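Visitor: Attaching a predicted model along with its sequence, questions to come.
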Amino acid sequence: MKILTFALMVVLQSSCALAQNTNKASSDLDSTAEKILVYQRSVGGWPKAVGKVAIDYDQELSAQQRLEIKADSLHDDATIDNKATTRELRYLAGAYRNTRNSKYLAAVKKGIDYLFKAQYENGGWPQYFPDHHLYRGQVTYNDNAMVNVLNVLQDLAEGKEGFEVLSEEYRKRALGAIEKGISCILKTQVLQDGKLTVWCAQYDQHSLEPAQARKFEPISLSGMESVYIVEFLMRQKNPSTAIIAAVKSAVAWFDKAKITGYDFVFIKDSKLPGGKDRVLKTDSSSVIWARFYDIPTNIPIFTGRESVPKKAVAEIELERRVGYAWYGKWPENLIDKKYPKWLKQL
């Protein structure tokens, strides 16, 4: 009887130990982080889509899918477009903080190294790296690509948002990359009659002259991306006189370029494909800005897929009219809240 009791105790103890080890192992894993690791390219960055299908980390991956994606890791589609790479880095940094899984930290380091490698000597970042064909090699502010990178590096340099786990060497490299990035931003702020305004959405990577990307993304002043460039500059502690001038000039331009008394709204129209249209509508309480402004004149411009600039959004084809953010309220919070607060801190 004593022998049986002792044997039973041994079995129970072994079972408890196994359960504890199993629980410990599972606590080291983050299911989303595990999927993110699958998609990381060998160069260190991440794609935004695979086979023209946007990556969705909420979707489960079969064992076969994981193998196929990993087998394609040499693909040169790593990008900073649509928050790709910066999104993954932010998630993995948090996952490492929560789990202390060394794989997640290794992936973060590899991803940060990718951002360092992708930066041009002039301080800008291309939309894709190493793929530079077409407009992918341009210095890209479009959809906040470069600013997203700079904000990750700023968090790293300040030791926050999970990036405090990286070494002092990484922090120093981040500070150097930020300095070069700010230099690029200051060099690319557009002058009109000798006065600083805002920024184009993309620039030639060699000359740093404003450049066109897709056919409906012309050379122009950006009413959207410029907001986030300004907000990044406002993150800098003890800003230089050049940064202060850049911010003040951009905010002055936003005030000059605002469009009062209108809003950009969807309306129902059963006669149209999709049953809707998007139009400018009078609204005495509304203030909006155009996505693109002509550089010499500050007149809003709109371009369909035929790449012929128009002066009214109603003049471009329906698909582009309803499928792109031609107007928005992007500078509103900057002007009303963030900028006044920043001025008081100078």
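Guide: Received the coordinates, thanks.
Visitor: switch to C-alpha atoms for all contacts and neighbour counts from now on
Guide: OK.
Visitor: Can you pull out the low-pLDDT segments for the stretch 151-300 of the chain?
Guide: Judged by pLDDT under 70, the stretch 151-300 of the chain has no weakly predicted residues.
Visitor: for it, what spans make up the strands?
Guide: 191-192, 195-196, 202-203, 221-222, 259-268, 276-290, 292-293 (DSSP state E, counting those that start in this stretch).
Visitor: Quick check: which of the ones you listed is buried the most?
Guide: Sort the strands of the stretch 151-300 of the chain by mean neighbour count, taking mean count of other C-alpha atoms under 10 Å, and strand 202-203 sits at the top with a mean of 28.
Visitor: how far does it sit from the chain's center?
Guide: Here the centre of strand 202-203 is set off from its chain's centre by 15 Å, with C-alpha atoms, centre = their mean, to the nearest Å.
Visitor: export the strands of the stretch 151-300 of the chain to CSV and tack on distance to Gly51?
Guide: Conversion of those to CSV gives the following (distance: least, C-alpha to C-alpha, whole Å):
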stretch, distance to Gly51
strand 191-192, 41
strand 195-196, 42
strand 202-203, 25
strand 221-222, 30
strand 259-268, 31
strand 276-290, 30
strand 292-293, 30
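Visitor: These: which one's closest to Ala246?
Guide: In terms of C-alpha to C-alpha, the element of those nearest to Ala246 is strand 195-196, at 7.0 Å.
Visitor: Return the list of helices and strands in contact with that closest one.
Guide: helix 241-257 (3 or more C-alpha pairs under 8 Å, 6 or more residues apart in numbering; DSSP states H and E).
Visitor: Between strand 276-290 and the helix it packs on, find me the angle.
Guide: 130 degrees (axes from the mean of the first three to the mean of the last three C-alpha atoms, to 10 degrees).
Visitor: returning to what we had before: tell me which of the strands of the stretch 151-300 of the chain sits nearest to Pro239.
Guide: Closest among those, using C-alpha to C-alpha: strand 195-196, at 17.3 Å.
Visitor: Report the strands that pair with the closest one, each with its relative direction.
Guide: strand 191-192 (antiparallel) (DSSP bridges).
Visitor: got the contact list for the partner strand?
Guide: For strand 191-192, contacts defined as C-alpha atoms under 8 Å, 6 or more residues apart in numbering pick out 197, 295-296.
Visitor: Just the buried ones from these?
Guide: 197, 295 (16 or more other C-alpha atoms under 10 Å).
Visitor: Include distance to Ile243 when you put the contacts of strand 191-192 into TSV, please.
Guide: TSV is the format used below for the contacts of strand 191-192 (distance: C-alpha to C-alpha, whole Å):
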residue	distance to Ile243
Thr197	13
Ile295	22
Pro296	24
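Visitor: if we can go back for a sec, among the strands of the stretch 151-300 of the chain, which is nearest Leu153?
Guide: strand 202-203 (20.5 Å).
Visitor: and that closest one, what other elements does it pack with?
Guide: Counting by 3+ C-alpha pairs under 8 Å, 6+ apart, strand 202-203 packs on strand 139-140.
Visitor: what is Gln202 paired to in the beta sheet?
Guide: Here Gln202, judged by DSSP bridges, has bridge partners Thr140.
Visitor: How much space separates it from Leu175?
Guide: Using C-alpha to C-alpha, to the nearest Å, Gln202 is found at 23 Å from Leu175.
Visitor: follow-up on the earlier one: what's the closest of the strands of the stretch 151-300 of the chain to Thr86?
Guide: strand 202-203 (18.8 Å).
Visitor: Identify all contacting residues around that closest one.
Guide: Outside strand 202-203, the residues touching it (C-alpha under 8 Å, 6+ apart) are 138-142, 188, 209-213, 219.
Visitor: Please list only the buried members of those residues.
Guide: 138-142, 188, 210-213, 219.
Visitor: With distance to Ala325 as new columns, can those be given to me in CSV?
Guide: What follows is the buried ones among the contacts of strand 202-203, written out as CSV (distance: C-alpha to C-alpha, whole Å):
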residue, distance to Ala325
Gln138, 21
Val139, 21
Thr140, 18
Tyr141, 16
Asn142, 13
Thr188, 23
Pro210, 20
Ala211, 20
Gln212, 17
Ala213, 16
Ile219, 16
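Visitor: residue contacts, the residue lying closest to Ala325 once chain neighbours are set aside?
Guide: Sequence neighbours aside, Arg291 is the residue nearest to Ala325 in space, at 6.9 Å (criterion: C-alpha to C-alpha, 6 or more residues apart in numbering). Neighbour list for Arg291: 222-224, 300, 325-328 [criterion: C-alpha under 8 Å, 6+ apart].
Visitor: shouldn't Ser286 be in contact with Thr260?
Guide: Yes: between Ser286 and Thr260 a contact is recorded at 6.1 Å, counting by C-alpha atoms under 8 Å.
Visitor: and of the strands of the stretch 151-300 of the chain, who's closest to Pro126?
Guide: strand 202-203 (9.2 Å).
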